[in-house]
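Engineer: how would this look folded up:
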Amino acid sequence: MSYGLLLDIDGVMVTSWQALPGAADAVAELARRAIPRMFLTNTTSRSRAEIAEALADCGFDVAPREILTAAKPTADYLGSHYPGKTVWVLNQGPIGEDMTQVNLVDDPARAEVIVLGGAGAVFTHEALSTVFERMVSGIPVVAMHRSMTWSTARGLAIDTGVYLEGLEKASGRRIKAIGKPSPVGFRTASELMDLDPAQVVMVGDDMHNDILGAQAAALVGVLVRTGKFREDALRQLQRDEFGPVPDHIIDSLADLPDLLTRLYR
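Structural biologist: Just a heads-up that it's a prediction; the model follows:
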């Protein structure tokens, strides 16, 4: 059976841009098998070229063209839904080349659309109050993703999704999120591999963004017990007999080659 791989990066391959044990060897082994692959990440603080360079420093051989960040489908969404509109982006880190075709402005007062990227120190009370003020005045707000947390060497940190829920509740308006767990990224990556979503295996550490999002888009979901993985969250999901569960669970990316050997002999 023909199949492809869709790999999350942070928490699966690396944490704080340090390779997780056995991850580089596993990716190299899967490359030797010539399995079609893409790397799908909600990371918004680095461009695809910068991510590829950082991964190379960790021992991974990944080309920029194989990486799909949340910024790329967000830019495509803005181009199709708000063509030519001025856009103000609140994001931790530089925007990168994926947003170069967007009509960006530095002043939120001039923005016709607001985009929220990855959370960090720039998500100040003043900045978020500005987003709220513009939002209630009718300016559409788009988020690159709805991730609640991200994994660091010091532990979990809150991410953009935490702020989205507060903004939505306070304003009474919904924020469109483009990255995981939205089906947009999963389907785009499948198309780039020229595969049907049902032929693609998604490997991630986030139960909701990576696994349940992938399964909702018809992909196979493989959960790793690294990064954002929480055993109590898995047990809670498994206690809900009517709820979806990961198709497969492995301890780390190092175990993926053996799993795929068993599944696709």
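
Engineer: can you pull the contacts of the residue most central in space within the chain?
Structural biologist: For the chain, the residue nearest the mean C-alpha position is residue 42 (2.5 Å; Cα atoms, centre = their mean). Residues near residue 42 by Cβ atoms under 8 Å, 6 or more residues apart in numbering: 69-70, 118, 144-145, 147, 150, 179-180, 209. Glycine gets a C-beta too; all of them are placed from N, C-alpha and C.

Engineer: mind listing which of those are in strands?
Structural biologist: Under the assignment DSSP state E, the contacts of residue 42 contribute 69, 150 to strands.

Engineer: Just grab the bridge partners of residue 88 for me.
Structural biologist: On the basis of DSSP bridges, residue 88 is bridged to residue 114.

Engineer: what separates it from residue 130, distance-wise?
Structural biologist: Distance of residue 88 to residue 130, computed by Cβ to Cβ, to the nearest Å: 9 Å.

Engineer: for residue 100, same thing?
Structural biologist: From residue 100 across to residue 130, the span is 24 Å (Cβ to Cβ).

Engineer: Comparing these two, which residue is more hemmed in?
Structural biologist: Taking other Cβ atoms under 10 Å, residue 100 and residue 130 do not tie; residue 130 has more neighbours (17 against 10).

Engineer: quick revisit: name the residues contacting each of residue 88 and residue 130.
Structural biologist: Common neighbours of residue 88 and residue 130, using Cβ under 8 Å, 6+ apart, are residue 108.

Engineer: remind me which residues of the stretch 151-265 of the chain are low pLDDT?
Structural biologist: Within the stretch 151-265 of the chain, the set of residues satisfying pLDDT under 70 comprises 239-244.

Engineer: all strands for it, in order.
Structural biologist: 155-158, 176-177, 200-204, 220-224, 248-250 (DSSP state E, counting those that start in this stretch).

Engineer: Counting by contacts, list what the third one packs against.
Structural biologist: Going back to what we said before, that points to strand 200-204. Under the contact criterion of 3 or more Cβ pairs under 8 Å, 6 or more residues apart in numbering; DSSP states H and E, strand 200-204 touches strand 4-7, helix 183-192, strand 220-224.

Engineer: contacting residues for residue 127?
Structural biologist: Contact analysis of residue 127 by Cβ under 8 Å, 6+ apart lists residue 90.

Engineer: What about it? Give its phi and psi, please.
Structural biologist: Main-chain torsions, residue 127, degrees, to the nearest 10: phi -60, psi -40.

Engineer: State the pLDDT value of it.
Structural biologist: Predicted confidence (pLDDT) at residue 127: the value is 97.

Engineer: thought residue 170 was touching residue 132?
Structural biologist: Yes: contact criterion Cβ atoms under 8 Å: residue 170 and residue 132 qualify, at 6.1 Å.
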